[in-house]
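1. Kindly generate the corresponding structure for this input.
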Amino acid sequence: MSKNIFKKTVLIAAILFLASCNDDDESEIINEEEEFSRVVITVTNEGDQSSEQYTFEVEGHDHEGESESTEDTEDTHEDHLEVELATNSSYLFEIRFYNDEDPNNPEDVTQEIINEADDHHVFYELIDGANITIESGTGDTMDSNSNPLNLITRWTTTDAGVADVIAYLIHEPSVKTGDTRDDFGGATDVEIEFEAHVE
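-> Here you go, the predicted model:
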């Protein structure tokens with residue numbers, strides 16, 4: 001009698017163990033992290049619909065760091081590119097993210113970011129950029145709380161000037177509003193820099 005109870009107990013334990021392993025395997029697949037090697041920003045003048053593309057080679061960041069600072073993000077961008085904007089004008093900035101690990105089959109991972117909108121946010125930090133305002137643009141993606149993802153933003157210029165811009169793709173931000181990178185929390189997936197010249 002006791003042997004039967006023991007066998008049943010062992011059998012139940014084995015089933016529970018196997019079920020637990022399967023759950024772990026599934027969660028690893030679901031939570032697979034994106035890899036980033038290139039960012040392309042398309043800037044379109046809303047006045048005349050002319051557009052320019054800017055390409056940045058970047059390195060992804062390790063989610064496990066979960067650092068709220070950007071001290072470890074040096075050397076993740078090339079020399080600053082210059083984005084030329086006119087005074088008293090408006091532009092749409094569309095940002096897309098790519099994985100070029102296989103050069104014969106580059107992958108646009110922007111759709112994965114859209115699918116995980118709750119876990120991502122794009123933030124442009126302006127330094128000396130009082131002559132530029134940035135807001136979500138037409139066609140931008142919203143997360144489940146109606147927060148814009150900022151894959152498409154509208155930039156409005158006023159006076160002439162030069163602003164240093166740092167663009168971040170933030171993973172699992174604690175909030176989705178703020179004036180500096182530190183306000184958002186989370187981890188930095190991608191960081192790029194450029195200068196916005198308003199003339």
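2. measure the residue nearest in space to the middle of the chain to I113 for me?
-> In the chain, the residue lying closest to the centroid (CA atoms, centre = their mean) is L169, at 2.6 Å. As for L169, its distance to I113 is 7 Å (criterion: CB to CB, to the nearest Å). Every residue, glycine included, has its C-beta placed from N, CA and C.
3. And for E191?
-> From E191 to I113 the distance is 15 Å (CB to CB).
4. can you list the domains in this protein?
-> Following automatic domain parsing, the chain resolves into domains at 1-32, 33-198.
5. Deepest-packed of these, please.
-> Comparing the domains of the chain by mean neighbour count (mean count of other CB atoms under 10 Å), domain 33-198 ranks first with a mean of 16.
6. quick one, helices of this structure?
-> Along the chain, the segments classed as helices by DSSP state H run 2-30, 110-115.
7. among the ones you listed, which gets the worst mean confidence?
-> With a mean of 49, helix 2-30 has the lowest mean pLDDT of the helices of the chain.
8. shared neighbours, L169 and I113?
-> F97, H120 (CB atoms under 8 Å, 6 or more residues apart in numbering).
9. Show me where the chain dips below the pLDDT cut-off.
-> Scanning the chain for pLDDT under 70 picks out 1-34, 59-79.
10. Show me where it has its strands.
-> Along the chain, counting by DSSP state E, strands occupy 38-45, 51-57, 81-85, 90-99, 107-108, 120-127, 132-136, 152-157, 161-171, 187-198.
11. Parallel or antiparallel, which strands does the shortest one pair with?
-> Just to be clear, that refers to strand 107-108. Looking at strand 107-108 with DSSP bridges, its partner strands are strand 90-99 (antiparallel).
12. what angle separates the partner strand from strand 152-157?
-> Interaxial angle, strand 90-99 versus strand 152-157 (axes from the mean of the first three to the mean of the last three CA atoms, to 10 degrees): 140 degrees.
13. tilt between strand 90-99 and strand 187-198?
-> Using the same axes, to 10 degrees: strand 90-99 against strand 187-198 is 140 degrees.
14. Residues touching strand 90-99, excluding its own?
-> Residues outside strand 90-99 that contact it (CB under 8 Å, 6+ apart): 34-47, 85, 106-110, 113, 122, 124, 137-138, 150-157, 167, 169, 190.
15. S37 contacts E101, correct?
-> Yes: at 6.5 Å, S37 counts as touching E101 under the criterion of CB atoms under 8 Å.
16. gap between stretch 131-145 and the chain center?
-> The chain centre lies 14 Å from the centre of stretch 131-145; the measure is CA atoms, centre = their mean, to the nearest Å.
17. how about the CA coordinates for it, as PDB?
-> Extracted C-alpha coordinates of stretch 131-145, given in PDB (Å, rounded to 0.1, in the frame of the first residue of the first chain):
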ATOM      1  CA  ASN A 131      14.200  76.900 -30.000                       C
ATOM      2  CA  ILE A 132      12.700  73.400 -30.600                       C
ATOM      3  CA  THR A 133       9.600  71.700 -29.200                       C
ATOM      4  CA  ILE A 134       8.900  68.000 -29.600                       C
ATOM      5  CA  GLU A 135       5.600  66.100 -29.400                       C
ATOM      6  CA  SER A 136       4.100  62.900 -30.700                       C
ATOM      7  CA  GLY A 137       3.400  63.000 -34.400                       C
ATOM      8  CA  THR A 138       0.600  61.800 -36.600                       C
ATOM      9  CA  GLY A 139       0.800  58.000 -37.100                       C
ATOM     10  CA  ASP A 140       2.700  57.400 -33.900                       C
ATOM     11  CA  THR A 141       2.100  54.200 -31.900                       C
ATOM     12  CA  MET A 142       0.300  54.400 -28.500                       C
ATOM     13  CA  ASP A 143       0.800  51.900 -25.700                       C
ATOM     14  CA  SER A 144      -2.100  50.300 -23.700                       C
ATOM     15  CA  ASN A 145      -2.300  53.400 -21.500                       C
END
